[in-house]
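Peer 1: please find the sequence and the predicted model below.
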Amino acid sequence: MLSYQHAYHAGGPADLHKHAALAALLARLTAKDRGVTYMETHAGRALYDLSGAEAAKTGEAAAGIGRLEGLPPSPFHDAVMSARAANGPSAYPGSPAIAAHLLRKQDRIVLMEKHPQEASALKRAMKTTGAEVHARDGYEGVLAVSPPKPRRGLVLIDPSYEVKDEYGRVADFVPQLAAKWPEAAILVWYPLLPTGRHEAMASALEGAGAARHEVGFEPLRPGGMEGSGLVLWNPPFGAAADLGAGRILAPQVLSA
């Protein structure tokens, strides 16, 4: 299914949760000189304009980053400020742009995006970063190029979950990838919806020793997203404690 476009949801509360955690994790992985490989299964377009019609239609950006007058100092804050310095005050970095800001010359970025329009925009946004962009199915693509060099790394799995069996596909994919690339930390994002479809997937992944972190927020529409969840498989040293102690920017601050 190729109808989903993240521009309608960029900068919302779920993005803040996911991207702040991602930035903190990348900062931890790059604390030492050894190179890392960063991959994504569903990369999106990397850069979003929050003054656009898409953001205005859903109101998610206004309910997310738009309600924060000033972000606290953090790797996520640095990535947002860098995107705005280069692209204007309404710019918002997607996960590929956050990674490109935080990673170094010795690191590698490999991005998968199946949606034709999003893949084209992704290639344009990342053309000066050295990132490898593949217009292909993310699950198949990441498995095909794993294990990479450098072997130490992180994979972000961030599908739209528009298709009901996506939860099962993620639950099956994570252990497959871990078996092929055991050095990788694997970060899975999922929405908290009234139907609770995420629960079986998240519980299965958490049961393998992964760290799990969820935050709730007011849905913008009846039956809409009630929160955001993350499961971190094979967490680097200290990363699980970061999640458990809330040492990331959590969307609860938006309702304070």
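Peer 2: Good, I have the coordinates. Residues are numbered from 1 along each chain as shown.
Peer 1: could you list the low-pLDDT ranges of this structure?
Peer 2: In the predicted model, the chain carries pLDDT under 70 at residues 1-5, 69, 244-256.
Peer 1: E60 against G11, yeah?
Peer 2: Yes. The pair E60 and G11 passes the contact test of Cβ atoms under 8 Å, sitting 6.9 Å apart. In this view, the C-beta of every residue, glycine as well, is placed from N, C-alpha and C.
Peer 1: neighbour-wise, which of these two wins?
Peer 2: Set side by side, E60 and G11 give different neighbour counts by other Cβ atoms under 10 Å, the larger being at G11 (27 against 23).
Peer 1: that one and Y48, how far apart?
Peer 2: Shown here: G11 relative to Y48, a distance of 7 Å by Cβ to Cβ, to the nearest Å.
Peer 1: and for W189?
Peer 2: From W189 to Y48 the distance is 16 Å (Cβ to Cβ).
Peer 1: go on, G35?
Peer 2: Relative to Y48, and taking Cβ to Cβ, G35 is found at 28 Å.
Peer 1: A240 too?
Peer 2: As judged by Cβ to Cβ, A240 and Y48 stand 30 Å apart.
Peer 1: what about the longest strand in the protein?
Peer 2: In the chain, assigned by DSSP state E, the strand with the most residues is strand 184-192.
Peer 1: list the contacts for the closest residue in space to L29 that isn't next to it in sequence?
Peer 2: Nearest residue to L29 in three dimensions, chain neighbours excluded: V36, at 5.1 Å (Cβ to Cβ, 6 or more residues apart in numbering). Applying Cβ atoms under 8 Å, 6 or more residues apart in numbering, one finds that V36 lies in contact with 29-30, 103, 107-108, 150, 152-154.
Peer 1: next, give phi and psi for V36.
Peer 2: phi -130, psi 160 (degrees, to the nearest 10).
Peer 1: stretch 65-81 spans what distance, first to last residue?
Peer 2: Taking Cα to Cα, to the nearest Å, the span from the opening residue of stretch 65-81 to its closing residue is 12 Å.
Peer 1: okay, buried residues for it please.
Peer 2: Within stretch 65-81, the residues that qualify as buried by neighbour count (16 or more other Cβ atoms under 10 Å) are 65-66, 68, 71, 74-80.
Peer 1: list of residues touching that stretch?
Peer 2: Where contact means Cβ under 8 Å, 6+ apart, the residues beyond stretch 65-81 that reach it are 11-12, 15-16, 19-20, 22-24, 26-27, 50, 92-93, 97-98, 101-102, 248-249, 253-254.
Peer 1: picking that back up, reformat the buried residues of stretch 65-81 as a markdown table; add secondary structure and distance to G227.
Peer 2: Putting the buried residues of stretch 65-81 into a markdown table (DSSP: H, G, I helix; E, B strand; the rest coil; distance: Cβ to Cβ, whole Å) gives the following:
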| residue | secondary structure | distance to G227 |
| --- | --- | --- |
| I65 | helix | 17 |
| G66 | helix | 19 |
| L68 | coil | 18 |
| L71 | coil | 20 |
| S74 | coil | 21 |
| P75 | helix | 23 |
| F76 | helix | 19 |
| H77 | helix | 22 |
| D78 | helix | 26 |
| A79 | helix | 23 |
| V80 | helix | 22 |
